[in-house]
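J.: Need a 3D model of the sequence below.
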Amino acid sequence: MNELEHVVILAILRTVVSFIILMVVTYCIGKQVNAHKNHYNFALSITLGSFIANMGFDTNLKFYPMLAAFLTLIFLYLIMSAYSANSRRFRKWLSGNPTIIIENGKLLDSNMKKVKYTLDHLNLQLREQGIFDIVEVEFALLEVSGNLSVLKKSSFQTVTKKDLNLDQPHQENSLPVELIMDGVVIDKNLNDPYSRPWLEQQLKTRRLEIKDIHYAVVGTNGSFFIDLYQD
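T.: Okay, the predicted model is just below:
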């Protein structure tokens, strides 16, 4: 066997092993990474791809040190994921926050400039959601993933069976108000009419304590949703 054949066979074997390792890893954590929902997952997916590519066909690099570095990266990801699941502050730092582009039907030019988001981008993403007239939009948020989340004004929303109940009073829509997350009260969101006394009364009525609550939010229509740790 000459040197060229040896290099080719070695590259094939390394590629097969690297591919199997990648399949195992993506099976375990692929749902989070492949979604590219934040900068961290996007950067991680690119880094993993670079590792696998070098492990597979770059025969100038030793395989086992590359594999050790690859597994170290996965280990760090798992540790950070576990910690972020129990720390909202760390999770926000890791994932970032959405940017409000349209609020109460008005464009927030200052926010658009901060994220270098143009009107062309806005109109493009609105058209992708079937909205050709910006006056139909009540709220629009630019997510960390780059997707645009839109809440239409009430008069432009699709009619549902519930809407056909003419006895229901009209309710204006607003952004959801998160009050409790991971068993911790979000104090900055405690404003009228959803004050701390209001929240305490809601919990007292349901015989609940803050530590028992995984997530509590006031929906766009004013409904109060609670998710408990113990389902």
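J.: buried residues in the lowest-mean-pLDDT helix or strand in the chain?
T.: Here the helix or strand of the chain ranked lowest by mean pLDDT, DSSP states H and E is helix 88-95, holding a mean of 73. Using 16 or more other C-beta atoms under 10 Å as the test for burial, helix 88-95 gives Arg91, Leu94, Ser95. For every residue, glycine as well, the C-beta is placed using N, CA and C.
J.: Same question for stretch 223-231.
T.: For stretch 223-231, the neighbour count (16+ other C-beta under 10 Å) marks Ile226 as buried.
J.: Same check on stretch 10-30?
T.: So, applying 16+ other C-beta under 10 Å, buried residues of stretch 10-30: Arg14, Ser18, Ile21, Leu22, Val25, Ile29.
J.: Let me know the helix or strand that the second one is in.
T.: Put plainly, it is Ser18. If you go by DSSP states H and E, Ser18 is part of helix 3-35.
J.: That helix: what's the following helix or strand?
T.: helix 39-57.
J.: Please compute how far that next one lies from its chain's middle.
T.: Here helix 39-57 is found 20 Å from its chain centre; the criterion is C-alpha atoms, centre = their mean, to the nearest Å.
J.: what is the orientation angle of whichever helix or strand comes after that helix with helix 3-35?
T.: Where DSSP H and E defines the elements, the next helix or strand beyond helix 39-57 is helix 63-84. The directions of helix 63-84 and helix 3-35 differ by 10 degrees, with axes from the mean of the first three to the mean of the last three C-alpha atoms, to 10 degrees as the criterion.
J.: one step back: and after the least confident helix or strand of the chain, which helix or strand comes next?
T.: strand 99-103.
J.: what pairs with that following strand, and is each one parallel or antiparallel?
T.: strand 106-107 (antiparallel), strand 137-142 (antiparallel) (DSSP bridges).
J.: Stretch 61-81 - what's its average pLDDT?
T.: Regarding stretch 61-81, the rounded mean pLDDT is 85.
J.: same thing with stretch 154-162?
T.: In the prediction, stretch 154-162 has an average pLDDT of 78.
J.: Just the CA trace of it, in PDB.
T.: What follows is stretch 154-162, C-alpha atoms only, in PDB (Å, rounded to 0.1, in the frame of the first residue of the first chain):
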ATOM      1  CA  SER A 154     -58.100  43.100  16.900                       C
ATOM      2  CA  SER A 155     -59.900  44.300  13.700                       C
ATOM      3  CA  PHE A 156     -57.500  42.400  11.500                       C
ATOM      4  CA  GLN A 157     -57.200  39.100  13.400                       C
ATOM      5  CA  THR A 158     -58.800  35.900  12.100                       C
ATOM      6  CA  VAL A 159     -62.300  35.300  13.500                       C
ATOM      7  CA  THR A 160     -62.500  32.200  15.700                       C
ATOM      8  CA  LYS A 161     -65.500  30.300  17.100                       C
ATOM      9  CA  LYS A 162     -65.000  32.000  20.400                       C
END
